[in-house]
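Asker: 3D, please:
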Amino acid sequence: NGGPFVEGASTLEAIEGDNLVLSIEPFGAAFSIDGPNGNNKPMGVNDLTIPSLTTADSGTYTFTTGSGCVVMLDLTVNTFCSTIGLETEYILNGEAAVTGSSSVSIVEGDNISLGIIPDGRTFSVAGPNGNTKPLDLTDLVLGSVTLADSGTYTFTTAEGCEVQLDLNVVEFCTSLGLQTEFSLNGDTAVVGQATVAVEEGDQLSLGVFPDGLTFSIAGPNGNNKALSTDDLVLTDIAQADAGVYTFTTDQGCEVQLEVTVTVGNQNQPPVAVIDANPANGTVPLEVNFVGTNSQDDVEVVSYAWNFDDGSQSDEANPTHIFEVSGTYQVTLTVEDAEGLTDTATITIVVEPSAEMVSILAPNPATGTARIYVDTAAENVFVTQIHLHDSSGRYVTSYLPAEVEADGGYELPIFGVSNGVYTVQLVLNNGETVPLGLIVRN
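Answerer: Okay, the predicted model is just below:
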């Protein structure tokens, strides 16, 4: 900008619009300059002049003499707006000014004055709901704001620099944090509930939170109160006191509480609770179920389990083996002494085994031997089934296709004598799977 040369600097910060002359010392030596944005000069003694700098001129300038000596200068060109420290400024309800905020939440009816810093710059404001002002030094004053005044306010200086402030206007009643408050039979106050269940003969004290507000109550059965800070106390509650109670402050803010009245000592239904360990695994999966965590106001008298595989149990804490892979929705239904019930469900996931799993069940068997088969291996299947007695002597064979049933096999053993036998499954891969069988015909 026409000032004296500054010698020996390795960095320089300038502002958009500045004029810059680049040279070397000693003066008179021939040199070239290689810089960004096409700012170059060939070898010679003349300086490089860059008028009206822009941010594109930022970068490293390399000065090279005719003898190959090199020096460099790092130039940073800042925007004009970044150098003036422009920030928002607001004054809420005549309090101290707040600067530098990008957002502010205020309440309906508040007064706010909007400006910028540093002081002394002309600026305009463009905002929602017609809230604008032209270029001048005055602030924009919003009196008794409404929800429509919410939005983004853009402050623009005469030089075109901008900052913004997001204004959020909250309903007065929302800002108040109004909630119901009640105390049942002199116990600790409960805040923020929409409903309360009481029994005939109870005492209920009704109020609002935060404390100190003036409010009225309109409720059923003549249960009303005029505007005051006092609670409404209901003693010896009856069925007629049930209903919706509306609490209204002197500013017109409302909350409601629904009161339900039940007959004292009325039987409540049980709550079924299932625990299972493990809840997943590979076939065959043995799961320990627990039903005794179920609850009732008096006592759970019966447990009914359905394992979703055709099996059931009436034990409180049964153990069950899932013999076929799949996903099972196990249910527990509990009942109290008066016949009220509740049902809970848990999902048990049984994955196929990496190897063929075969199970004889029931064992001992009568009339028919049931074999369950499960495998995760592809293309592995049973080709032959042989029956041997306890001495290893061959008894009979079965064709798998003739005895196949429901993912397994049912072997007719009506004519087989009682005793201990071995069922041998021959697989297509040459392997055999032996199963012990006790026959009790």
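
Asker: the helices in the stretch 151-300 of the chain, which residues?
Answerer: 172-176 (DSSP state H, counting those that start in this stretch).

Asker: in it, which ranges drop under the pLDDT threshold?
Answerer: The model of the stretch 151-300 of the chain has pLDDT under 70 over residues 264-265.

Asker: Could I get the contacting residues of the residue nearest to residue 263 when sequence neighbours are not counted?
Answerer: Nearest in space to residue 263, with sequence neighbours left out and distances taken as C-beta to C-beta, 6 or more residues apart in numbering, is residue 200 at 6.0 Å. C-beta: built from backbone N, CA, C; applies to glycine. Residues in contact with residue 200 (C-beta atoms under 8 Å, 6 or more residues apart in numbering) are 237, 238, 239, 261, 262, 263, 264.

Asker: same thing with residue 253?
Answerer: With contact set as C-beta under 8 Å, 6+ apart, residue 253 has these partners: 172, 173, 176, 178.

Asker: just to revisit the earlier point, show the buried residues in the contacts of residue 200.
Answerer: 237, 261 (16 or more other C-beta atoms under 10 Å).

Asker: Which member of the contacts of residue 200 is positioned nearest residue 222?
Answerer: Closest approach between these and residue 222, by C-beta to C-beta: residue 238, at 11.9 Å.

Asker: these two touch, right, that closest one and residue 263?
Answerer: No: counting by C-beta atoms under 8 Å, residue 238 stays clear of residue 263, with 10.8 Å between them.

Asker: most surrounded residue in the contacts of residue 253?
Answerer: Neighbour tally across the contacts of residue 253 (other C-beta atoms under 10 Å): the maximum, 21 neighbours, falls on residue 178.

Asker: check contacts around residue 58.
Answerer: Residues in contact with residue 58, defined by C-beta under 8 Å, 6+ apart, are 36, 75, 76, 77.

Asker: Residue 66 now?
Answerer: Residues in contact with residue 66, defined by C-beta under 8 Å, 6+ apart, are 29, 30, 31, 43.

Asker: burial count for residue 332?
Answerer: 25.

Asker: For the helix or strand containing it, which residues meet the burial criterion?
Answerer: Using DSSP states H and E, the element containing residue 332 is strand 326-336. Residues of strand 326-336 classed as buried: 328, 330, 331, 332, 333, 334, 335, 336 (neighbour count, 16+ other C-beta under 10 Å).

Asker: just to revisit the earlier point, could you export the contacts of residue 253 as a markdown table, including distance to residue 349?
Answerer: Below are those laid out as a markdown table (distance: C-beta to C-beta, whole Å):
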| residue | distance to residue 349 |
| --- | --- |
| 172 | 53 |
| 173 | 50 |
| 176 | 50 |
| 178 | 48 |
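
Asker: which one of the residues you listed is nearest residue 189?
Answerer: Set against residue 189, the nearest of the contacts of residue 253 by C-beta to C-beta is residue 178 (15.0 Å).

Asker: What separation is there between the closest one and residue 228?
Answerer: 16 Å (C-beta to C-beta, to the nearest Å).

Asker: do the same with residue 244
Answerer: From residue 244 to residue 228 the distance is 21 Å (C-beta to C-beta).
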